[in-house]
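Asker: With the sequence up front, the predicted model follows.
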Amino acid sequence: MSASLTPGPSPAMRERGDVTPLLALEKLCVAYGGIQAVKGIDLTVGRGELVCLIGANGAGKTTTLKGITGLQPVRSGRVVYDGEDITGQPSFRLVQRGLAMVPEGRGVFGGLTIEENLAMGAYTRRDRQGVAADVERVFELFPRLKERRRQTAGTLSGGEQQMLAMGRSLMSKPRLLLLDEPSMGLAPLMVQKVFETVLRVSAEGVTILLIEQNAKLALEVSHRGYVMESGEITLAGDSKQLLGDPAVRAAYLGASA
């Protein structure tokens, strides 16, 4: 992995004892009917941190995000954002409060142009000049999108759609960005570009919770990590330490990683 994909310093890590987490999951349980997919997990993301949640397919990672964002009912436990209980609040209210998600599968509006998709990301805002400036910021982050700004999203490649999904989420000016499997289905060069952008957004002060099956990449770019198995958090700690943990290496990185 390129040396450029290295997380910058995190204020939350330097002042861990003095900072209230921007996001805290407290004994969170999320279920689909009788199937409990998330089993009482505790997780925190400090202000300014880039934290990853890794695990195999079906571990409960995406369901965790759905519980945070109100897309799946929480059976028990709490979601605390900026010191307030937001458990079960509808997604549009969370966007208004500065919490945005880039969903698994991108979820772009295929019949709308790139510009129209970005406008949808700013639907809660009324500052037209600020919105226009942020559109240009997205185009600066993703020059490919600027070249195709009037092209419909459904005609873009998978990597370009991932860029657009990230750009659309940034248009809401999030304080906390939830990323669900941003590397899924992308060519290596596109993965590199997407994660360079993740680090740049993090360096600008946006707090990030990254859900990712590519454990090695996720741990390389993050400050801290959690490992999820069968709906439970089984390991947590500094990402560099987790990269060297024998259990993590054996389960997710391969014997020669």
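Answerer: Structure's in. What do you need? The model shown is predicted, which means the values in this text are computed figures rather than measured ones.
Asker: all contacts plus neighbour counts: C-alpha atoms, from now on.
Answerer: OK.
Asker: Arg144: which element?
Answerer: Following DSSP states H and E, the helix or strand that holds Arg144 is helix 143-147.
Asker: Just the C-alphas of that helix, formatted as CSV.
Answerer: Extracted C-alpha coordinates of helix 143-147, given in CSV (Å, rounded to 0.1, in the frame of the first residue of the first chain):
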residue,chain,number,x,y,z
PRO,A,143,-11.6,15.8,-11.1
ARG,A,144,-13.2,12.9,-13.0
LEU,A,145,-16.6,14.0,-11.7
LYS,A,146,-16.1,17.6,-13.0
GLU,A,147,-15.3,16.3,-16.5
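Asker: Packing partners of that helix?
Answerer: Helix 143-147 sits against helix 128-141, helix 158-170, with contacts defined as 3 or more Cα pairs under 8 Å, 6 or more residues apart in numbering; DSSP states H and E.
Asker: mind giving me TSV with the ones you listed and columns for distance to Thr197?
Answerer: Converted to TSV, those look like this (distance: least, Cα to Cα, whole Å):
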stretch	distance to Thr197
helix 128-141	7
helix 158-170	9
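Asker: highest average neighbour count across those helices?
Answerer: Highest mean neighbour count of those: helix 158-170, a mean of 24 (counted as mean count of other Cα atoms under 10 Å).
Asker: what sits up against that helix?
Answerer: 100-102, 106-108, 114, 117-122, 138, 142, 144-145, 153, 177, 182, 185-187, 190-191, 194 (Cα atoms under 8 Å, 6 or more residues apart in numbering).
Asker: Those in helices, which ones?
Answerer: Ile114, Asn117, Leu118, Ala119, Met120, Gly121, Val138, Arg144, Leu145, Met190, Val191, Val194 (DSSP state H).
Asker: from the residues you listed, which is closest to Leu71?
Answerer: Of all the ones in helices among the contacts of helix 158-170, Leu71 sits closest to Gly121, with 17.7 Å by Cα to Cα.
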